[in-house]
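Undergrad: Below are the sequence and a predicted model; questions follow.
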2 protein chains.
Amino acid sequence: MEDIVNDRPSTDASMNTLVSLCKRRGFVYQSSEVYGGLTSAWDYGPLGVELKNRIQRAWWRAMTQLHDNIVGLDAAILMHPRVWEASGHVENFTDPLVDCRTCRNRFRTDQMSEELLNARKCPECGGELTDPRQFNLMFKTHLGPVESDASVVYLRPETAQGIYVNFKNVVQTSRVKVPFGIAQVGKAFRNEITTKNFIFRTCEFEQMEMQFFVHPSEDEKWFEYWKAERFEFYKRLGVRQSRLRFHQHGPGELAHYAKVAFDIQYEFPFGWKELEGIHNRTDYDLRRHMEFSGKDLSYLDDVRGERFTPFVIETSAGLTRTVLTVLADAYDEDEVEGEKRSVLRLHPELAPITVGVFPLVKKDGLAELAGEIERSLREEFSTFYDQGGAIGRRYRRQDEVGTPFGITVDYQSKEDRTVTLRFRDSMEQVRVKIEELPERIRRAIREYRRMGE
Amino acid sequence: MEDIVNDRPSTDASMNTLVSLCKRRGFVYQSSEVYGGLTSAWDYGPLGVELKNRIQRAWWRAMTQLHDNIVGLDAAILMHPRVWEASGHVENFTDPLVDCRTCRNRFRTDQMSEELLNARKCPECGGELTDPRQFNLMFKTHLGPVESDASVVYLRPETAQGIYVNFKNVVQTSRVKVPFGIAQVGKAFRNEITTKNFIFRTCEFEQMEMQFFVHPSEDEKWFEYWKAERFEFYKRLGVRQSRLRFHQHGPGELAHYAKVAFDIQYEFPFGWKELEGIHNRTDYDLRRHMEFSGKDLSYLDDVRGERFTPFVIETSAGLTRTVLTVLADAYDEDEVEGEKRSVLRLHPELAPITVGVFPLVKKDGLAELAGEIERSLREEFSTFYDQGGAIGRRYRRQDEVGTPFGITVDYQSKEDRTVTLRFRDSMEQVRVKIEELPERIRRAIREYRRMGE
């Protein structure tokens, strides 16, 4: 009866549909829109920030609270510039670019056809191109009042390095023992020339990274563990398994630090793309930081009676990218009473609003009773009160933003203190006593969660 | 019996004590420490990030979930550069600096004695000083591959402007009506020459800002409302009222945009300092963005039948600063069995670890039973399992990081399925059935919460 996921989406969302829904309903706005927008930066509106926060919290909880061998960290965005020399970013984190001498546009040579490149002709205007040069993707700024080479700092292009340079601190202060992990969520910045696909690839984005430190002999075992575990995570968020797959990096794709790498890909409207990377980074990063800092970052294992430099299994997910995944995967259209209905079939624990509360009409004390119910639920659930327009329209508005439960207060409610509880996906309605609402909602959420396991 | 706050701290924490505790127990590390550290940036360790997250969540919940007229937002750090011209930051967000021609040090003239300034002598070496010049505190970087004036973007020095430029978007997409607020938590960056007092003033920090949009005739009413409400917030976090006070900005202190401004100050070990500002910013910001963007940001009030530019009441709190406040306020020392005990009397909803679980000894199945209990509590509470060392030492370790509840599994536990539940502040111990633990802990937390109201 409380089947809130009676079927999975049957309609594929186009990017236009998603972008338009996101703007119209306050999920995502273009950054600085009143000033014409800023390339490749996006702002999360009232519903978008709630969705993003819930995904972040689900990841954090799954990683730190439910694993007794993973602790959290939040390192600063500005780090010592030597960090990026050690990591290889100063040297290697570059794109090859050419300029057009006529129209001044810039292009990535690795995205141009060989033909154009050989002809040295601009793909925009046919003008002459310069020689290719390497362009570093790190944003550079200066710490302190003097703009000199000595004051250069970078906006971090990945959160992982903040974990490596704190490895020793965490070992010394947290009673963790290898194998253990350090989890972090935070912003990273990449000065990408070609950003595209809405919030999929942007210059400013958020990562959810976990670095798991293991004995060098156990890297393959833990790699397999995390590969499976991370795939399950997306299923638990309600993402369809048929839209998820692994992609193994071939020899040409492997990063310089990686021994093995798998992507978890999602089938976006624009094709299969990386959602998360699981990498065996070996002891590359810790060794480099030892070399560049002169500090000993090895680990003394008192059970094995052995000192070693741990290998790292990294799980690197994009938070903003997962927001897009969840939205694309949840979007659906069906027909209700001859009209098209747009619905986001979001997991109830991710939905920005959990419960909508509606008086059938404003008068006769129904608005007051509905307001009272809304306030009583607010401590535990994210609620939204709406008294405007026909009840069917109010349901549709909540369906479109993924609100899994709707409560309608009618004339009968005043007599017997019962209300209608409506389920977003099945559109079933059941009569429930007001005082039993919290437990009925909790139960439905628990059922949904069980289905993802 | 479950008095977990039997008395408030009687020992004042010195900054040295706090900094040392933070480092030793994994609350706060110096950024990039293995590379000698980066001035004025700090990393939050396993316990610090949990404390920070809990404060952030308490603020977010108090603002958005518990107020039906406040919605959230998360704007990008990189914004269109015109935003900062409109806000006045390009022109006014500066410090006056002088250089020493001999030792090359730089100084803020507003922090130098008039005597030295008149004599034009360096306070470090006695060398000759240059003329003062204005130094802008915004970090500057370049978007795209060309480093030119046209590509300059800034790291936002405050989160507020992200709210103002999205005012229209939120009004159009969220069914909010004036008076309403927009809340945001996020990083901001200021290139401060003199950073000090640990995490109190840093170049990279986090703000929790809420901008409340009101009819111009109601600004004073809402100012008073938010002034009172925000003061209560800190009390609800458990901060002692005797350490909190208001400070009204005099005519010389008022920012150019402010009509009235009050700070909520806390008595830190280094004196009374600003924790949060409540500002009547009038319609200054919206008017400036209208002027600079050419877009209409006025509001049509259909109840009043009037179009106007709302006034803004801003509540601007420092998240990282609140972490320091909560730590300083919670620190205490007392004596237990002739030994000094350090204890953080943190609100149980802020404590990084809620429940410690300890087997009295590892053998005879006690470790297994304790592990079982820990796993059963983990879904709901943040737990920590510790089987190392004397039980008294394990209690002390948890007291020092503010864990409000401790569960000890002993031989009797195997017989009658009861355990000892210990309260951090009173150090009282009660015998509780294992299956009743969650409800006993919940009840104690509720009691603590009530005391803050």
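TA: Nice, I can see it.

Undergrad: which intervals of the stretch 51-200 of chain A have sub-threshold pLDDT?
TA: For the stretch 51-200 of chain A, applying pLDDT under 70 flags the ranges A:195.

Undergrad: can you pull out the helices in it?
TA: If DSSP state H, counting those that start in this stretch is used as the criterion, the helices of the stretch 51-200 of chain A fall at A:82-86, A:89-92, A:114-119, A:160-164, A:167-173.

Undergrad: Just give me the neighbour total for A:Cys103.
TA: By other Cβ atoms under 10 Å in any protein chain shown, 11 other residues sit near A:Cys103. All C-beta atoms are positioned from the backbone trio N, CA, C, and that covers glycine.

Undergrad: one step back: and the helices of the stretch 51-200 of chain A, which is most packed in?
TA: Comparing the helices of the stretch 51-200 of chain A by mean neighbour count (mean count of other Cβ atoms under 10 Å in any protein chain shown), helix A:160-164 comes out on top with a mean of 24.

Undergrad: For the stretch 201-350 of chain A, which segments count as strands?
TA: With DSSP state E, counting those that start in this stretch, the ranges of strands along the stretch 201-350 of chain A come out as A:204-214, A:244-248, A:260-268, A:271-282, A:299-301, A:306-308, A:311-318, A:331-336, A:339-344.

Undergrad: Show me what the fifth one is packed up against.
TA: If you count contacts as 3 or more Cβ pairs under 8 Å, 6 or more residues apart in numbering or on different chains; DSSP states H and E, strand A:299-301 packs onto strand A:306-308.

Undergrad: The strand it packs on pairs with which strands, and in what direction?
TA: strand A:299-301 (antiparallel) (DSSP bridges).

Undergrad: What residues of the partner strand count as buried?
TA: By 16 or more other Cβ atoms under 10 Å in any protein chain shown, the buried positions in strand A:299-301 come out as A:Tyr299.

Undergrad: now that strand: how far from the chain's centre is it?
TA: 34 Å (Cα atoms, centre = their mean, to the nearest Å).

Undergrad: which outside residues touch it?
TA: Applying Cβ atoms under 8 Å, 6 or more residues apart in numbering or on different chains, the set of residues contacting strand A:299-301 from outside is A:171, A:177-178, A:213, A:215, A:306-310.

Undergrad: now stretch A:118-138
TA: A:84, A:89-90, A:93-103, A:105, A:107, A:109, A:112, A:116-117, A:154-155, A:157, A:189-193, B:145.

Undergrad: try 7 Å this time
TA: Residues from elsewhere that reach stretch A:118-138 (Cβ atoms under 7 Å, 6 or more residues apart in numbering or on different chains): A:84, A:89, A:93-103, A:105, A:107, A:109, A:112, A:116, A:154-155, A:157, A:190-192, B:145.

Undergrad: Check stretch A:400-419 too.
TA: So stretch A:400-419 is contacted by A:4, A:25, A:47, A:330, A:342-344, A:346, A:348, A:351-360, A:365-366, A:369-370, A:373, A:384, A:391, A:395, A:398, A:420-424, A:431-434, A:437, A:441 (Cβ under 7 Å, 6+ apart).

Undergrad: Keep only those residues that also lie close to chain B.
TA: Contacts with chain B within the contacts of stretch A:400-419, as defined by Cβ under 7 Å from any Cβ of the partner chain: A:Arg25.

Undergrad: Buried ones from the contacts of stretch A:400-419, can you make that a ChimeraX selection?
TA: Only the buried entries of the contacts of stretch A:400-419 go into this ChimeraX selection, using 16+ other Cβ under 10 Å:
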select /A:4,25,47,330,342,343,344,346,348,351,352,353,354,355,356,357,358,359,360,366,369,370,373,384,391,395,398,420,421,422,423,424,432,434,437,441
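
Undergrad: re the thing from before, and the contacts of stretch A:118-138, which of them are in strands?
TA: Secondary structure from DSSP state E places A:94-99, A:107, A:154 of the contacts of stretch A:118-138 in strands.

Undergrad: What about chain B: which of those residues touch it?
TA: Residues of the ones in strands among the contacts of stretch A:118-138 in contact with chain B (Cβ under 7 Å from any Cβ): A:Leu97.

Undergrad: Now the ones in strands among the contacts of stretch A:118-138 in CSV, please, with extra columns for distance to A:Leu300.
TA: Compiled in CSV, the ones in strands among the contacts of stretch A:118-138 are given as follows (distance: Cβ to Cβ, whole Å):
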residue, distance to A:Leu300
A:Thr94, 38
A:Asp95, 41
A:Pro96, 44
A:Leu97, 46
A:Val98, 51
A:Asp99, 53
A:Phe107, 51
A:Tyr154, 33
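
Undergrad: just the buried members of the ones in strands among the contacts of stretch A:118-138?
TA: Of the members of the ones in strands among the contacts of stretch A:118-138, the ones counted as buried by neighbours, 16+ other Cβ under 10 Å, are A:95, A:97-99, A:107, A:154.

Undergrad: any idea which of those residues is closest to chain B?
TA: A:Leu97 (5.8 Å; Cβ to the nearest Cβ).

Undergrad: Chain neighbours aside, what residue packs nearest to that closest one?
TA: Closest residue to A:Leu97 apart from its sequence neighbours, by Cβ to Cβ, 6 or more residues apart in numbering or on different chains: A:Phe135 at 4.6 Å.

Undergrad: how near is the one you found to B:Ser148?
TA: 14 Å (Cβ to Cβ, to the nearest Å).

Undergrad: which of those two has more neighbours?
TA: The neighbour count for A:Phe135 versus B:Ser148, taken as other Cβ under 10 Å, is higher for A:Phe135 (17 against 8).

Undergrad: so the more buried one bridges to which residues?
TA: A:Asp95.

Undergrad: Let me see the contact set for A:Leu78.
TA: So A:Leu78 contacts A:143, A:153, B:38, B:41, B:203-204 (Cβ under 7 Å, 6+ apart).

Undergrad: Show me the beta-bridge partners of it.
TA: The partner list for A:Leu78 in beta bridges (DSSP bridges) reads A:Leu155.

Undergrad: Cool, thanks, talk later.
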